[in-house]
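Asker: Quick one, structure for this:
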Amino acid sequence: MKWCERHTYTADIARSYEVAIIGGGIAGASLAYFLSQRGVTDVVLLERESAPGYHATGRSAATLCSFDFSPTLRALKHIGGAFLRQPPDGFSETPVFDQTGVLLLFAGDTWIAAQALAAVLTTAGLEQVELWSTETVCERFAVLSPATIDGAVWVPHDGRIDVDVLLSAYLRHARRSGVELRTDTEVIDLLCENGRCSGVVTSTETIEARWVVNAAGAWVGDIGRRAGASTIAFEPRRRTMITFEGPANTDTARWPLVCNETELVYFAPSGGDLLASPMDAEPCAPCDARPDELGIALVIDKLSRLAPTLTPRGLHSKWAGLRTFSPDGDLVVGEDPRLPGFFWLAGQGGAGIETSPAVGAIAADLIIDGATDRFEAARLSPRRFA
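Answerer: Below is the predicted model:
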């Protein structure tokens with residue numbers, strides 16, 4: 001047995017599994033859940049942090065927004081949304097999803113494109129959306145300024161996801177079925193045997209596995225390079241978030257997420273406060289992301305133009321997370337064409353949580369059966385970059 005394309009490996013194998021998943025965020029956790037639901041429980045989930053979901057998963061606005069210009073993401077969100085709105089009996093003790101609606105604001109060419117997409121979706125019965133004029137938007141949400149709005153798409157059946165509940169439920173059911181979760185466990189290299197990825201070397205042991213799943217978030221490119229898998233130019237991008245007090249004498253608790261898709265800024269309720277983001281997408285090396293002053297200044301400036309009365313007087317918190325994109329912006333799910341046994345579960349971008357019920361189930365099908373009838377797997381396959 002050899003280190004992938006580099007070093008001779010001679011130490012004893014500590015344990016063998018059917019599947020070793022690298023990364024304990026929403027992607028790895030959802031796969032572990034769906035594998036266990038199909039009876040595959042000889043699985044180990046490896047997370048280098050002290051708790052699952054520390055990076056992108058725990059720093060997301062966690063919203064189901066099914067109106068998407070990408071046909072692939074739109075289809076995955078449709079599948080994922082059905083699960084989130086009505087999870088299996090006993091999945092979680094508290095609701096995963098809160099149907100608050102999502103309001104998307106547009107101007108100029110993006111408004112023209114949004115109207116065309118809405119017409120296609122409603123005519124085909126694929127989505128229930130409403131088109132609002134600028135006047136209707138400002139009547140229903142008086143905090144908004146009409147200056148940057150030509151119209152809006154109201155998606156009443158979308159809303160907020162409780163990511164803590166969702167992640168905990170995935171992990172709880174998987175572990176009850178026998179899946180092992182190991183935190184504080186960093187994968188430092190991968191193993192190959194006879195041209196197949198056959199395991200991982202962690203900071204504490206060596207693990208053999210029939211399948212090695214790369215669900216490492218911003219680090220998927222690094223893991224792929226260590227394995228000697230296909231070269232895919234994943235790009236982590238930093239996004240900034242702030243929370244602040246809402247306007248005086250205004251109940252914001254049931255507000256929807258409001259997103260200006262042209263100006264690139266959104267706000268939504270968050271635990272009695274409001275959260276907002278300038279929708280920045282600064283390329284960034286994989287890291288424990290931190291907000292910078294420019295991103296914070298940017299969101300305050302954008303809010304002052306979109307909704308002047310929401311301009312923060314002070315911040316309660318600020319943070320940043322990394323969203324990782326493939327070259328074409330769609331997810332990468334499937335066995336590597338160059339390295340059998342190495343499975344990509346990567347490139348979730350900003351849609352990892354809302355698509356996780358779909359993508360986790362699709363990935364489980366591909367690992368177990370080599371095919372899936374839930375989705376056209378070729379649209380997600382890493383082969384499209386070969």
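Asker: How about residue 79: what's its closest non-neighbour residue?
Answerer: The spatially closest residue to residue 79, leaving aside those adjacent along the chain, is residue 358, at 3.7 Å (CB to CB, 6 or more residues apart in numbering). (C-beta placed from N, C-alpha, C; glycine too.)
Asker: would that neighbour count as being in a strand?
Answerer: No - per DSSP: H, G, I helix; E, B strand; the rest coil, residue 358 lies outside any strand segment and is helix.
Asker: got the contact list for it?
Answerer: With contacts defined as CB atoms under 8 Å, 6 or more residues apart in numbering, the neighbours of residue 358 are 76, 77, 79, 80, 83, 374, 375.
Asker: Please report how far it lies from residue 300.
Answerer: Applying CB to CB, to the nearest Å, the value for residue 358 to residue 300 is 35 Å.
Asker: same thing with residue 351?
Answerer: 26 Å.
Asker: again with residue 372
Answerer: For residue 372 relative to residue 300 (CB to CB), the value is 45 Å.
Asker: How about residue 291?
Answerer: Distance, residue 291 to residue 300, using CB to CB: 12 Å.
Asker: tell me, what's touching these two both at once?
Answerer: With CB under 8 Å, 6+ apart, residue 291 and residue 300 have common neighbours residue 242.
Asker: Could you check how many residues crowd around the residue lying closest to residue 184 once chain neighbours are set aside?
Answerer: Once flanking residues are discounted, residue 184 sits nearest to residue 50: 5.6 Å by CB to CB, 6+ apart. Residue 50 has 8 neighbours, counted by other CB atoms under 10 Å.
Asker: Also the one 3 residues further on?
Answerer: Residue 53 is flanked by 25 other residues according to other CB under 10 Å.
Asker: any idea whether it is helix, strand or coil?
Answerer: Three-state assignment for residue 53 (three-state DSSP): coil.
Asker: For it, give its distance to residue 181.
Answerer: Residue 53 is 11 Å from residue 181, by CB to CB.
Asker: What of residue 304?
Answerer: 44 Å.
Asker: Compare neighbour counts for the two and give me the winner.
Answerer: Using other CB under 10 Å as the criterion, residue 304 and residue 181 rank with residue 181 on top: 19 against 14.
Asker: pLDDT value on that one, please?
Answerer: pLDDT for residue 181: 98.
Asker: How about the contacts made by it?
Answerer: 24, 32, 44, 45, 47, 52, 171, 174, 175.
Asker: Which of those residues fall in helices?
Answerer: 32, 171, 174, 175 (DSSP state H).
Asker: And the last one, how far from residue 259?
Answerer: Distance, residue 175 to residue 259, using CB to CB: 35 Å.
Asker: So for the two, which residue has more residues nearby?
Answerer: When residue 175 and residue 259 are compared for neighbours, residue 259 comes out ahead with 26 against 17, by other CB under 10 Å.
Asker: Would you verify that the more buried one is located in a strand?
Answerer: Yes - assigned with three-state DSSP, residue 259 falls within a strand.
Asker: do you know how far it is from residue 86?
Answerer: For residue 259, the distance to residue 86 - CB to CB - is 25 Å.
Asker: so residue 188, which of the three states?
Answerer: Three-state assignment for residue 188 (three-state DSSP): strand.
Asker: returning to what we had before: which neighbours do residue 53 and residue 181 have in common?
Answerer: With CB under 8 Å, 6+ apart as the test, residue 53 and residue 181 both reach residue 24.
Asker: In terms of helices and strands, where is residue 104?
Answerer: Element membership of residue 104, judged by DSSP states H and E, is strand 102-106.
Asker: And residue 168, by the same measure?
Answerer: Element membership for residue 168 (DSSP H and E) is helix 163-176.
Asker: List the contacts of residue 227.
Answerer: Here residue 227 is in contact with 4, 190, 192, 197, 212, 214, 336, 339, 342 (criterion: CB under 8 Å, 6+ apart).
Asker: Against residue 216, how distant is the closest residue to it other than its chain neighbours?
Answerer: Excluding its sequence neighbours, the residue lying closest to residue 227 (CB to CB, 6+ apart) is residue 190, at 4.4 Å. Shown here: residue 190 relative to residue 216, a distance of 11 Å by CB to CB.
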